[in-house]
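>>> whatever this is, show me its structure:
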Amino acid sequence: MKVLLVDDERNGREVLRALGEWEQNGITVLLEASDGEEALELIESEQPEIIFTDIKMPRMNGIELMEQLHAADYRGKCILVTGYDDYQFMRKAIQFNSFDYLLKPIDPEAFTKVLENVTQAIIADKQFLESEAEFLGDAKRLLLEQQVSALCMGELNDFSILEDILPKEEKIDLTLLSFYHMHQPAPILDNLKYELHRYAIGDVFRFLQEENMYIVLSAADHWLQIENWLRQHLDIPVRLVQKPFYALEEISTAFEHLTVELAEHRYRTIRRLEELESEQRGQDIVAYVQSYYMEDVSLERLSKLFFLSKEHISRKFKQETGMTLSQYVTGCRMKQAKQWLEKTNKTMYDIARLLGYQDEVYFSKLFKKENGLTPTAYRTERGSS
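Take a look at the predicted model:
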């Protein structure tokens, strides 16, 4: 695989070079460009599968580059690298199908994870194409998907294509499944296709005009069966819209209706990101930590609770409190420990356990580091005997 690093600063490109475990992830060629225009020339000639691009660059910035690639139907994966924790950029990233994004200064572990994810995604894409070729023959299946896509868009009127592949039912369900670009649904939908073929109740097609969108055509009486199957086997987010039609000539109208629904869903997602930009979100996170500091309060847990990346929460938390999450939690726990030592007869073991420390010795060392005294000495000097 080939990777293109785009940054107007040589140091920025060198940092990315140094961070990447390239060979371990199957990367054989590393290319560099200093701005979007130079990157476009390399993309045309070298066809890299992966692009890491800075946002703020002269001549053509990273967002403009992504816009050009989106318009050109680039099939590789793009990762934005930015020093700005700004939802404006995140909105653009969603709009132009960014695979992921990284904030500067880049955390080595975050970079490693993104690199692993993107290479695995490309491998999964290739495996999906290979499995397609084995199932029906690559050329035949691709032609069929082109025809179904064209029928849905109203660009083809030969409905005999569908007559050969759809069950003989009065009513057919048209379902669109749209997945986020960091996820790889192909293997799961390949299994769904097998089940639909097995029971002769429909088929699944890639919508070739948009990456990670799939068209399901199925007998209407079996929709609940298909929906249950998806619930059991899909463990990644999906946007799903469905509409029945009675005559094959109605498929383009039904498809247009569903694409409008999907666009509205995407708009609501972007609006949700704008809401998360508010300072209140940061205050909510701090308030949660203040309430639950005696539990396992980790960046991973906060990420799941507030639907934000661990990196974003870490930066936001430090902006709000001037401390890291770990420092803040320790401070809250030590404050509570001092109150118990002063006003109660709780044992050191009980205090440590209540504060979330399984090791009493570790708690004692941490307390002394924070307060200059061991818990026992502090209680003797200040508190209850």
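>>> tell me the first helix or strand C-terminal of the lowest-mean-pLDDT helix or strand in the chain.
Least confident helix or strand, the chain: helix 87-95 with a mean of 67, by mean pLDDT, DSSP states H and E. Sequence order places strand 100-103 as the next helix or strand after helix 87-95, per DSSP states H and E.
>>> state the mean pLDDT of that next one.
Averaged across strand 100-103, the pLDDT comes to 85.
>>> flag every buried residue along the helix or strand following it.
Using DSSP H and E, the helix or strand that follows strand 100-103 towards the C-terminus is helix 108-136. Applying a neighbour-count criterion of 16 or more other CB atoms under 10 Å, one finds 110-111, 114-115, 117-119, 121-122, 125, 128, 132 buried in helix 108-136. Heads up, the C-betas are built off the backbone N, CA and C, glycines and all.
>>> and for stretch 322-338?
325, 328-330, 332-334, 337-338.
>>> and what of stretch 205-224?
By 16+ other CB under 10 Å, the buried positions in stretch 205-224 come out as 205-207, 211-220, 222-223.
>>> coming back round to it: got the buried residues of helix 108-136 as JSON lines, with distance to residue 3 columns?
Shown next, in JSON lines, are the buried residues of helix 108-136 (distance: CB to CB, whole Å):
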{"residue": "110", "distance to residue 3": "17"}
{"residue": "111", "distance to residue 3": "12"}
{"residue": "114", "distance to residue 3": "12"}
{"residue": "115", "distance to residue 3": "9"}
{"residue": "117", "distance to residue 3": "14"}
{"residue": "118", "distance to residue 3": "9"}
{"residue": "119", "distance to residue 3": "9"}
{"residue": "121", "distance to residue 3": "13"}
{"residue": "122", "distance to residue 3": "11"}
{"residue": "125", "distance to residue 3": "16"}
{"residue": "128", "distance to residue 3": "21"}
{"residue": "132", "distance to residue 3": "26"}
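>>> closest to residue 15 among those?
Minimum distance to residue 15 across those is 9.2 Å, recorded for residue 111 (CB to CB).
>>> excluding covalently adjacent residues, which one is nearest to the closest one?
Spatial nearest neighbour of residue 111, chain neighbours left out: residue 19 (4.7 Å); criterion: CB to CB, 6 or more residues apart in numbering.
>>> next: residue 75.
Nearest residue to residue 75 in three dimensions, chain neighbours excluded: residue 211, at 7.2 Å (CB to CB, 6+ apart).
>>> would you agree residue 81 is in contact with residue 16?
Yes. Here residue 81 reaches residue 16: they are 7.4 Å apart, a contact under CB atoms under 8 Å.
>>> three-state assignment of the residue nearest to residue 75?
Under DSSP: H, G, I helix; E, B strand; the rest coil, residue 211 falls in the coil class.
>>> wait, it touches residue 99, no?
No. Look at residue 211 against residue 99 with CB under 8 Å: they stay out of range, at 10.1 Å.
>>> list the buried ones in the helix or strand in which residue 69 is found?
Remark: residue 69 resides in helix 62-71, with elements defined by DSSP H and E. For helix 62-71, a neighbour-count test (16+ other CB under 10 Å) marks 62-69 as buried.
>>> report the angle between the helix or strand just after it and helix 108-136.
As assigned by DSSP H and E, the chain's next helix or strand after helix 62-71 is strand 77-82. Put simply, strand 77-82 runs at 160 degrees to helix 108-136, going by axes from the mean of the first three to the mean of the last three CA atoms, to 10 degrees.
>>> just the angle for strand 77-82 relative to helix 62-71, thanks.
Going by the same axes, to 10 degrees, strand 77-82 makes 170 degrees with helix 62-71.
>>> mind giving me the packing neighbours of strand 77-82?
strand 50-54, helix 62-71, helix 87-95, strand 100-103, helix 108-136 (3 or more CB pairs under 8 Å, 6 or more residues apart in numbering; DSSP states H and E).
>>> pLDDT averaged over the host helix or strand of residue 239 - what is it?
If you go by DSSP H and E, residue 239 is part of strand 238-245. Taken as a whole, strand 238-245 has a mean pLDDT of 85.
>>> quick one: contacts of it?
The contact list for strand 238-245, computed with CB atoms under 8 Å, 6 or more residues apart in numbering, reads 171-179, 185, 220, 223, 230, 251, 253-254, 257-258, 261-262, 265-266.
>>> these in strands, which ones?
Using DSSP state E, the members of the contacts of strand 238-245 that fall in strands are 172-179.
>>> how far off centre is stretch 35-44?
Offset of stretch 35-44 from its chain centre (CA atoms, centre = their mean, to the nearest Å): 26 Å.
>>> what comes up buried for that stretch?
Buried positions in stretch 35-44, judged by neighbour count with 16+ other CB under 10 Å: 35-36, 38-40, 42-43.
>>> wait, is residue 296 part of a strand?
No. Checked against three-state DSSP, residue 296 lies outside a strand; its state is coil.
>>> and the gap between it and residue 361?
Plainly put, residue 296 is 20 Å away from residue 361 if you go by CB to CB, to the nearest Å.
>>> domain map for this protein?
By the assignment in automatic domain parsing, the chain contains the domains 2-126, 137-270, 279-382.
>>> please enumerate the helices of the stretch 201-350 of the chain.
With helices called from DSSP state H, counting those that start in this stretch, the stretch 201-350 of the chain shows them at 223-233, 251-276, 279-292, 299-306, 310-321, 325-343, 348-354.
>>> so which of the ones you listed comes closest to residue 105?
Between residue 105 and the helices of the stretch 201-350 of the chain, the shortest gap by CB to CB is with helix 310-321, which sits at 10.5 Å.
>>> show me what the closest one is in contact with.
With contact meaning CB under 8 Å, 6+ apart, helix 310-321 is reached by 85, 103, 107, 110, 281-283, 285-286, 289, 299-300, 302-303, 306, 308, 323-325, 328.
>>> tell me the buried residues within the residues you listed.
Buried members of those, counted by 16+ other CB under 10 Å: 85, 103, 107, 110, 281-282, 285, 289, 299, 302-303, 306, 308, 325, 328.
>>> might one say that residue 222 is in contact with residue 200?
No. Here residue 222 lies out of contact with residue 200, judged by CB under 8 Å, at a distance of 10.2 Å.
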